[in-house]
Structure formats: structure tokens, C-alpha cells
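Novice: sequence unknown, structure follows:
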């Protein structure tokens, strides 16, 4: 595994880009290919794909906060909820803004809420931040639940969808065993946003993910990324070297909120109706699990983690009664054998290896 | 440049006080960490704060660096009040601290750590950074050997060197060194003090905090003794090194 990952990392730039393009094309084609084994026999594969994609988007956002800046945010679902509710409130309940404008508004409001939450709380450290963010997530849900203006527990319906441009129809494949048939009776319309077929939503989310990935790469390689890394590794040392750590932590929080809000907005639009119920703390933990399982600080790890937490339970629904148990066991195994996650960042892998080597040379003891 | 071992310190003329600390009080919650601490660091000189563990040496340095809030008193640098200036802005003014122990970025390589030292410099795109890096490598040849190694995998002494080298990368007028000899082998301690004198000879004013009192006093132009948060003695390094009560209290028999 290690060798494979390093080979991927060492591959020439061109090869890597070609590989990523192929991977992206495959991802776009998934709902049409409907491939056996991968497809989910007991739930709508297209809907599952959309869920996985929106989790991946959230994980990318949380990865900025947790993986890059090293801030433990246990209430990330709060931003997801703010994004979703913004679209619902201004698109249906108290306004009828068009979807593109709603997206912009959702992103602005979640970013603002990130700044608002971060400004007082990012001055406290570690455990305290975790507690405060935990509270934030719950407060958002409870406000939604108890506010008449937000329709309380009844929730909000009639959330607008993105404008459809019905250009052409694309048939999908059905499989009988290993033989594929083109199913002309089950076509996806490019791009018709509707309740039944989640494919256009999946494509839209995938596109957003690709943009976020680009921004993520640029950001991480910039001075901002370096400042986050320094802050995460040793906050006082970073400050002593001239990094305004508070400002950079706040920036990470705002960017995380931005991405989380986008995912929430897409979720609300896809659902068509929302209520406070899905924005519970367990979802925050699930988001966190995605980043930690995948490998904090690695964008690809975050995506892999999202696939693990969102896709596997749907794929193996027959085991759904034992879902939580299996999940817990898997986490235990993982934390023992791969404590840095499935795909730790490349640098972390190198540090680990050098530390291992050093420990071996010193007979298993690290000297000062 | 001559190597640190063979160079003799050039004639330095100590200037006006570069750093002045007056009546500094710092609390951790209700506990007074330092009380009414005052001292001066002459320009181009080496000043040292010595004292036992828990005397408040590190707190004093961290407070000067802006990492701890001041309850009372003030800090002047080049005649300007910097008491409330946040840490990250002090670097631009010319104060840089090399933190105690393993204050390096463990997951960054030696070179990346040094680059972080130059983080707030405006001339990042010029060759000046590389020149300064080479200067650090000349002072610490060991760092050159390990330039692409991760800092966290190096020995304590190497990390200490890296922390000092990183602080130098900001081209400070005043460098604050927190226990540079901590946990080092005696031979390395000698080396570190030689390097401190070399850094000073190149024009950087030094404020040194040390438990290794004898070495520090021999190196310093002026020295202050901290005891339970207060300055109890002051004088030239040489004078305090000869003082019997200081010898008895801090130097012991084995130094």
C-alpha cells in the first residue's frame, strides 16, 4: 500500500494529471454505467452517489479546518445546516430567489457564520474549541427546531432546484450478470434537476468538488498553506516567526464554513424539503470520521473517507442492523493499524518512515 | 568568514540600551509568575538572565515576545513601547525568539523550517534569503548535512541549532535565546556558546536565558539573576561570575 501510494506520488506530472482526468471521467460516468458490485442493490444508486459526493465536499471543507489548520471542529454540521436553511428560507419560505443567487447567498451567510463563531472561540485552544463547536452545531439545530420563523419541526418545503437546461437524453446501462444492456427506458436528461433522478445533482456536486480541489491545491501550496502547517505544528513557534496565527485560524474556519455551506445548500435543493432532524450531532461525528479515517491533511484521504462513511453502509445495507457495530469495530481496527488514516499526507508518511528508521537504529528507544 | 572556533571576538562598543524592561509583572491566573522585573540589554551586547527552574526566565522571554499578556510594567525596544505589540509583528521590528527545547516545526524539513524563519520578510523573492540560509549553514554545518531531513526526527541538539538558525533567518536586531544549552552534551554546550558569541560578533544583540549559569555569565556583558519572579542581583557577567554568593547558589562545585 505504502509503495503504491509513493509510486503514485512520484509519477511524472503528466501521468498523474492523466490519471486524475480519467478518474474524474469515471466518476462522472458512474451513474450511467451502473457497474455491478459497485452499484447498490438495495437503494437508488444515483441517490447514493449524490450523498457520497456531498459528504466528500463536506470532508474537503472540514479537512481545511482539521487537517490543515489543526482545529478540532465537532459542530461542523452547523455550517451544513446554515447552508441548507439559507436556501430553504430565501428560496421558499420567506422569498423566492433563483437558485444561483441562493447558492451565493448560502455561501456568504455560512462564511459569515464561520467568522462569527471563530472570532471569539479561536482564541481558546484544543479541548475548549471542541466543546464550543459542539455547542454551536446543536444550537443551530435547536434554533431551527424552535423558531417559528423557520417553521420549527415542520421544516420547509418547496425548495427551488437549479435551473434545468434539457439538452439531450443519456441512456444508462443495466446489467444481467456480467452482460451490459443499454436501457433506453431509463434515461437521464442532461441536465434536468428533478426529484426522481439524482444524476444531475451528482454531476453538479462533482463539478463543485473539482473546483474546490483546484482551490485546495493552490491554497495549500501558497503561503497560506505554509502558515496553516506552522500553526498546526507549533502555534507559539509560528507566532514567533511572524505568522498571525489567529487570523489564519479564522481564515481556515471561514473557508471550511464556505465549503460546508455549499454542500448543505446542494443537499437542501436536492431534497426539496428540509427539517431540523438530519442536522444532528451524529452527522458532525460522521463528517469528522470521514476526515480522520481518510487521513487528516490529505484532500484525497478526505474523499476516500467520505466514500467509506457514506457509501459502504449503503452498499451493505443487508448488514444495516449491525451498521453501527461494524463501524465501531472498523474504527478500532483502523486506529490501531493505521492511526494516521487510510491515506495520510505524503509528508506525514515520510516523517513516519524516518522516525521508524531512527527508532530501529536506536534499538527502539528515542533519545533526546 | 572564519570558522567560529578560530575567530576572536572583534572589539565591540556597547551602545545605548536596545531593550528596556521596566517593572514587568505577569500572572498565570492568580499566580504571579514574575514581579516587578526590570533590566536592560545594551545594543550589540549580550545580556543574560540566569536563575533556577521556575524563577520566571522563560516567562520573561515569552512576555517580551508578546506571547504572554502583561499585567503591569512596560517593554521598550529602540525607545518605542512594544508592550502591547503582538508576537507576529515583533519579528518585523527586529525581535526574534528561539524557543526553548524542541520549538521547531517537526513535520517540516530543516530547509522548510529555515524558510519559515523568513516568513515575514519582505525580500522573500530576492537572493538575500539564500545568502542568509548559507550563513546559517556556515554557523551550523550539521544543519547543512541534514537540510532535507524532517526536524522532528533530529536529535535535541540539532533541533536546538535549527531553532536558533530559524530565528536568525528573520535578520533580527535582537535575538532572544531560551535555554540554548538545555539537554546538550558538554562538548555541544561549548559549541553553542561559541556560536552565540559569533552571532553577536556579526552584529546581533543577544538576550540569553540560561540555567547553565557559569557559561552564560562568562559569555554575557551584563547579567541579571532571577529568583522566584524577581531580579535579585545584577552586574557585569564577569563580576557576577566571581561573586561568592552567586557561585554558591548557582554554580555549584561541578561546573
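Specialist: Sure thing, it's come through. Bear in mind the structure is a predicted one, so any value in this text is a computation, not a measurement.

Novice: hmm, residue A:153 is touching residue A:276, no?
Specialist: Yes - contact criterion CB atoms under 8 Å: residue A:153 and residue A:276 qualify, at 6.5 Å. Glycine gets a C-beta too; all of them are placed from N, C-alpha and C.

Novice: those two: which is more packed in?
Specialist: Remark: of residue A:153 and residue A:276, residue A:276 carries more neighbours, 23 against 11, as counted by other CB atoms under 10 Å in any protein chain shown.

Novice: for residue B:143, grab the count of nearby residues.
Specialist: Based on other CB under 10 Å, the number of other residues close to residue B:143 is 25.

Novice: and if you look at residue A:248?
Specialist: That count, for residue A:248 with other CB under 10 Å as the rule, works out to 24.

Novice: which residues of the stretch 101-250 of chain B lie near chain A?
Specialist: B:103-108, B:112, B:115-117, B:119-120, B:149-150, B:152-153, B:155-156, B:163, B:166-167, B:170, B:183 (CB under 8 Å from any CB of the partner chain).

Novice: where does the stretch 151-300 of chain A get nearest to chain B, which residue?
Specialist: residue A:242 (3.0 Å; CB to the nearest CB).

Novice: quick revisit: what do residue A:153 and residue A:276 both touch?
Specialist: Residues touching both residue A:153 and residue A:276 (CB atoms under 8 Å, 6 or more residues apart in numbering or on different chains): residue A:145.

Novice: quick check: which element contains the residue of the stretch 101-250 of chain B found nearest chain A?
Specialist: In the stretch 101-250 of chain B, the residue that lies nearest chain A is residue B:120 (3.0 Å; CB to the nearest CB). Using DSSP states H and E, residue B:120 sits in no helix or strand.

Novice: contact partners for the residue nearest to it when sequence neighbours are not counted?
Specialist: Once flanking residues are discounted, residue B:120 sits nearest to residue A:242: 3.0 Å by CB to CB, 6 or more residues apart in numbering or on different chains. For residue A:242, the contact set (CB under 8 Å, 6+ apart) comprises B:88, B:89, B:91, B:92, B:119, B:120, B:170.

Novice: now the strands for the chain?
Specialist: Let's take chain A. A:168-176, A:179-190 (DSSP state E).

Novice: that was the other one, I meant chain B.
Specialist: B:17-28, B:31-42, B:46-50, B:72-77, B:80-81, B:95-98, B:174-178, B:205-210, B:222-227, B:230-236.

Novice: identify the residues contacting the third one?
Specialist: What that stands for is strand B:46-50. B:39-41, B:57, B:60-61, B:196-197, B:200, B:205-211, B:213, B:216-217, B:219-226, B:237, B:250.

Novice: okay, angle between it and strand B:205-210 too, please.
Specialist: Strand B:46-50 runs at 20 degrees relative to strand B:205-210, counting by axes from the mean of the first three to the mean of the last three CA atoms, to 10 degrees.

Novice: parallel or antiparallel, list what pairs with strand B:46-50.
Specialist: strand B:205-210 (parallel), strand B:222-227 (parallel) (DSSP bridges).

Novice: now that strand: buried residues?
Specialist: Using 16 or more other CB atoms under 10 Å in any protein chain shown as the test for burial, strand B:46-50 gives B:46, B:47, B:48, B:49, B:50.

Novice: list the buried residues of stretch B:197-216.
Specialist: Result for stretch B:197-216 [16+ other CB under 10 Å]: buried residues B:197-200, B:204-216.

Novice: what sits against the closest residue to residue B:135 other than its chain neighbours?
Specialist: Spatial nearest neighbour of residue B:135, chain neighbours left out: residue B:168 (7.4 Å); criterion: CB to CB, 6+ apart. Residues near residue B:168 by CB under 8 Å, 6+ apart: B:96, B:117, B:132, B:135, B:136, B:139, B:175, B:199, B:204.

Novice: surely residue B:205 and residue B:177 touch.
Specialist: No - Residue B:205 is beyond contact range of residue B:177, at 11.3 Å (criterion: CB under 8 Å).

Novice: OK, contacts around the nearest residue to residue A:254 once chain neighbours are set aside?
Specialist: Distances taken as CB to CB, 6+ apart put residue A:114 closest to residue A:254, at 4.5 Å, once the chain neighbours are dropped. Contacts here follow CB under 8 Å, 6+ apart; on that basis residue A:114 touches A:79, A:253, A:254, A:255, A:256, A:257, A:258.

Novice: also residue A:131?
Specialist: By CB under 8 Å, 6+ apart, the neighbours of residue A:131 are residue A:74.

Novice: how close does it get to residue A:77?
Specialist: Going from residue A:131 to residue A:77 by CB to CB, to the nearest Å gives 16 Å.

Novice: how close does residue A:127 sit to chain B?
Specialist: Per CB to the nearest CB, to the nearest Å, residue A:127 is found 17 Å from chain B.

Novice: okay, that residue: pLDDT?
Specialist: Listed pLDDT for residue A:127 reads 82.

Novice: can you count the residues close to it?
Specialist: 9.

Novice: in the stretch 51-200 of chain A, which ranges drop under the pLDDT threshold?
Specialist: Applying pLDDT under 70 to the stretch 51-200 of chain A flags no residue at all.

Novice: so which residue of it comes closest to chain B?
Specialist: Closest point on the stretch 51-200 of chain A to chain B, by CB to the nearest CB, is residue A:70, at 10.8 Å.

Novice: how near is the residue nearest to that residue when sequence neighbours are not counted to residue A:290?
Specialist: Nearest non-adjacent residue to residue A:70, counting by CB to CB, 6+ apart: residue A:232, 3.2 Å away. Note on residue A:232: its distance to residue A:290, by CB to CB, is 19 Å.

Novice: out of those two, which sits in the busier spot?
Specialist: Counted by other CB under 10 Å, residue A:232 and residue A:290 do not tie: residue A:290 has more neighbours, with 27 against 23.

Novice: as TSV, the contacts of residue A:114 with neighbour count and distance to residue B:125 would be great.
Specialist: Listed next are the contacts of residue A:114 as TSV, based on neighbours: other CB atoms under 10 Å in any protein chain shown; distance: CB to CB, whole Å:
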residue	neighbour count	distance to residue B:125
A:79	35	37
A:253	28	30
A:254	20	28
A:255	23	26
A:256	28	30
A:257	31	33
A:258	22	30
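
Novice: with distance to residue A:94 added, can I get those residues in a markdown table?
Specialist: As requested, the contacts of residue A:114 are arranged in a markdown table below (distance: CB to CB, whole Å):
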| residue | distance to residue A:94 |
| --- | --- |
| A:79 | 21 |
| A:253 | 27 |
| A:254 | 25 |
| A:255 | 28 |
| A:256 | 27 |
| A:257 | 22 |
| A:258 | 23 |
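
Novice: nearest to residue A:306, of these?
Specialist: residue A:256 (14.7 Å; CB to CB).

Novice: which residues touch that closest one?
Specialist: A:61, A:62, A:64, A:65, A:73, A:76, A:79, A:114.

Novice: shouldn't the third one be in contact with residue A:212?
Specialist: No - the pair residue A:64 and residue A:212 fails to qualify as a contact (CB under 8 Å) at a distance of 9.5 Å.

Novice: next, the closest residue to residue B:43 other than its chain neighbours: phi, psi?
Specialist: Once flanking residues are discounted, residue B:43 sits nearest to residue B:15: 3.2 Å by CB to CB, 6+ apart. With angles defined as degrees, to the nearest 10, residue B:15 shows backbone torsions of phi -100, psi -160.

Novice: what sits against residue B:15?
Specialist: B:42, B:43, B:44, B:45.

Novice: circling back: columns mean neighbour count on top of the strands of chain A, output as TSV?
Specialist: Converted to TSV, these look like this (neighbours: other CB atoms under 10 Å in any protein chain shown):
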stretch	mean neighbour count
strand A:168-176	14
strand A:179-190	13
